[in-house]
Every structure is written in structure tokens, then in C-alpha cells.
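Asks: Prediction below, plus the sequence it came from.
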Amino acid sequence: MSLALLGALTLGALGGSAAVVGPATAVGLASGILTEPEGGPGAGDAYFPLDGNEGIDVLRYDIHDTYTFHDRRLTGWTELRLRATRDLSSFDLDLLLPVQVVKVDGVTVDHTKPSRHELRVEAPIVTGTTYHVLVRYGGHPGGISYAGERNWLASDREVVAMNEPHMAPWWFPANDHPSDKAVMDINITAPLDKVVVANGRLLGRKVHGNRATTRWHAPEPMASYLAFFAAGHFEVAHGTRDGLPWYVAVSKRIPQQERRASMRLMKQTSVLTAWLQSQLGDYPFSETGGLTTSLNPGFALENQTRPTYPELSSDGLTTVVHELAHQWFGDSVAIAQWRDIWLNEGFATFMEVRYAETHGGQSGQNWLRNWYDYYASNAGFWQLRVDDPGAGHIFDYPIYQRGAMTLQALRHRIGSADFWHLLRKWARTRAGGNGSSAEFEALAAQVSGEDLGTFFDAWLRGDSPPAPTAANGLR
């Protein structure tokens, strides 16, 4: 997510399968073999206790949704292929829409909604076994709020499912936490005159009457909040650069002059992706691109393979750099818990600084010293703990700015060679997985051969400006 568009100061923001045992034939609680309790809601993230669910690992989502613009209603069904990681008598999924039917391995099972956010599937699951769970649902996502968020972004002519930290439960059932990534097949049915864009690669479009179903496939597992779709009147461009396909779209609802500028900016995606590869190593996905909407979310978002943007001004290039940098930091290497959000936002913001440095702007160290001096007397800027900001502060300005400052100071402290080796190793060794702040700090110490505990304490956990010393990367 780009901070620049949130109104703050800017910088320039397994699936193997086991033998399937259906719930109708599985060994049940009465036998005494399955003794675990119901699976509780939540994956154990202290910031959002209902996010995700214990006891399951989703391997694949096959989403089939229909959206009607005249009443802004979404209906559909999703099949999840999931593996049980615990023996449970029932398990939960995250879904805000009303549910009509739930099936497990083709058998209709009971379900309940203990809260609007939770869908409880009343079927036992056995550790290591893979299940196919089908959920049918429908409702009006625009009228639903969760965790203080009303995330549905739509007008009578355009819709874009994009937000963070939550979006999936407004349009498909999910294990909604970054710790559980899955392959995505996204099939959206919309009016015939609409273009549908989503993550990954366009597989095809099938017309039936006055509607059409568009199929997208994202082969690299992703966190559920990074999945998106958009439907509307879009101008599309696509191609291939250095063997990497790109696909971009811009809303035709944007005035023509601004739309041309937006398309020029979106077409820079493949160039910027290539530059980021030169800095960070191989691009972690099989597609790149972007989408500019006419709607006004107030931010850009790093949807995997295809970030989404509002209409950007002439200096919007840095925002595109930011969101594409997230493909390495945030998408490929996802956070372990939401408290680790600086690993996403600080890293993407730092790559804005790096882009400026390598394209005629000031050096990263001059940038650091200028901002350090600017904020030296601003007590509020230093009071937020960057590696544990609290649920209500995960997108506060210091997460971005102090996060980026921490990285530049680290670069100065350990030297550029070790620093870039560290970033590339972090991106390479954790590609497709997750990481925590503590794990990054440990890797930094390993790569540099230095004790960096006091350094990270000063930059991430201190409540005052770090002392202007060489040990803190400031001399």
C-alpha cells in the first residue's frame, strides 16, 4: 500500500494430496478417534484475532462469482482445496456474505455463522487429509463492515475489490491471514460490455447471452488479501518484456487526457519491474502489470502480479515503484504477523529512495540525514514502535518512513555489499513464504557478522531519535 495516497508526506509511498476422507464417511467423534475440539476462529494474530483459522491450510481457491451492477449484488461459489493440520470436529472460514450451502467432498454439511465474519463448517477433519470444500453465498458486499472497515469499492459502472489488511471475505470464503497462501483461480461473470481484470494470467472469456465469464489463473500462491478483481470499461494493453508477460488496464471513466497519461504510466510497469530485478534478484512471479481505476480508494495496493491504483498525478512513478517493490517484499515474502508490517512498507518505501538515487536524485544517505534532521525534534514521530505498532497503527507514517530510514541506516552501518546481499538473500530464501522482523534482524546479523541488536533497538523500538553515531548508521 502506498502511503503517498493516504494523504501523508511522500518520499518523492502444497499442495500434495492425501487420500480424501469425506465427512460423511470419516471416522467421527463417536468412535473416540477424533478427539480434538472445534476449530476456533483466528490464526493467532494478536492484532486481528478473527483473521484466519486454526487447523487448516488452504492449497487452492477456485472462485466463481457473478456481479450485477444495477443492484450491486455479488453471488457465487468457491471451492477450496484444503489440508487439515489438526484433528477437528469442525472448522471455520472467513466470509462476510450470507451462505446458502456448504459441501465437503461433495456431501452437504451443516454450517453456522457464529458471527458475521465467521463461517463454521460442521464437519470433522483429520490431520494430513485433503478436502474439497464448496461454499455457495450471495449478498450485497457494499453494506458490510468488519474491523471498522467498509471495503467494497463500486459505482454503477465499475467495481474493484482491493483493500488491506482485509478484502477477501467480502467476495469469497478464505483462510484470511498472510500466513496461509494458496493458488488462485478467479472466474468472474459480469455484463457483456464489461472488461474483467484480476491476478495472474488471463485464460479466456466465455460469452453467454448478455453476460460473459472471464477466467484468470494465478499459479504462485498468494495471501488472500492480495487477490482482487475489477470489472468496468477498461482500456487494455499487454505485451512481453525479456520473456515476462505484462498486462495493464486503465478505466475509460477517467477523462481522455488523464487516461492517456495513466496508460503511459502503467506501461512503465515492465520497465520498472526489470529495474527492480537488477536490484533485488529475479522477479518472483510469472506475470506483471497494473490497473488504474476511476474510483477513489485513497491509496494504491500491491495486489499480487497486478497492483491497483487510483488516478495518479505526474509524479506517480514513485508510487508504481513502491507497489512493484512489494511484489518482492509483502507478496512473495509475506509478513508472519501483522505486527511485522514494516517489512512490507519500509522496504517498498526504501526502494523509492533507491530509485531516486539511481535516477539523478540525492543519495540514500543524504536522504536519511535530511529526514533525520527534520524529525529530530518531532517526539511523536519516534514514539511508535515500528516492529509492533498496534492494530490501529499499521499504516501510520513512521511505519513507512522510519522503516525506510532503518534500512538506509543499516546499509551505511554494514556497507552496501553486505546490505544488498542481505536484501537479495531475504527475498530469495523466503520467496513464496513468510518472515518476521526478528528473522530479518537475525539474517542481517548473520550476513554482516555484526551484533546489530542495539542498532535495531534504536531504530525500531526506541522512543527517541537514534544517537547520531556510526553504530546507528548516521556517521
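Replies: That came in fine, so what should we check first? Numbers count the residues shown, from 1 in each chain.

Asks: What sits closest to residue 306 if chain neighbours are left out?
Replies: Using CB to CB, 6 or more residues apart in numbering and skipping residues adjacent in sequence, the residue nearest residue 306 is residue 289, 4.3 Å away. Every C-beta, even on glycine, is put in place using the N, C-alpha and C of the backbone.

Asks: Residues touching the host helix or strand of that neighbour, excluding its own?
Replies: Residue 289 is part of strand 288-292 when elements are defined by DSSP states H and E. For strand 288-292, contacts defined as CB atoms under 8 Å, 6 or more residues apart in numbering pick out 160, 197, 230, 234, 238, 244-251, 254, 262-263, 265-266, 269-270, 273, 305-312, 320, 323-324, 327.

Asks: how far does the helix or strand that it is followed by sit from the chain's center?
Replies: Using DSSP H and E, the helix or strand that follows strand 288-292 towards the C-terminus is strand 308-309. Taking the mean of its C-alpha atoms, strand 308-309 sits 13 Å from the chain's own mean (CA atoms, centre = their mean, to the nearest Å).

Asks: go on, stretch 134-151?
Replies: 18 Å.

Asks: CA atoms only for the strand holding residue 289, dumped as CSV, please.
Replies: Taking Å, rounded to 0.1, in the frame of the first residue of the first chain, the C-alpha atoms of strand 288-292 are listed here in CSV:
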residue,chain,number,x,y,z
THR,A,288,3.4,-8.3,-14.1
GLY,A,289,1.1,-5.4,-14.7
GLY,A,290,-1.2,-2.9,-13.1
LEU,A,291,-4.7,-1.4,-13.2
THR,A,292,-5.9,2.2,-12.7
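
Asks: partners of the residue nearest to residue 306 in the sheet?
Replies: For residue 289, the beta-bridge partners are residue 247 (DSSP bridges).

Asks: where along the stretch 51-200 of the chain do the strands fall?
Replies: 56-68, 73-84, 91-94, 99-104, 107-108, 110-112, 118-122, 130-139, 153-154, 159-160, 182-191, 195-198 (DSSP state E, counting those that start in this stretch).

Asks: Mind checking these for the one nearest to residue 283?
Replies: Smallest distance to residue 283 across these (CB to CB): 18.1 Å, for strand 182-191.

Asks: buried set for the lengthiest helix in the chain?
Replies: Counting residues, the longest helix found in the chain (DSSP state H) is helix 397-414. By 16 or more other CB atoms under 10 Å, the buried positions in helix 397-414 come out as 397-414.

Asks: Likewise for stretch 306-314?
Replies: Buried residues in stretch 306-314 (16+ other CB under 10 Å): 306, 307, 308, 309, 310, 311, 312.

Asks: Return the closest of those with respect to residue 181.
Replies: Closest to residue 181, out of all of those and judged by CB to CB, is residue 306, at 16.5 Å.

Asks: okay but that closest one is in contact with residue 246, surely?
Replies: No - applying CB atoms under 8 Å, one finds residue 306 not in contact with residue 246, separated by 9.2 Å.
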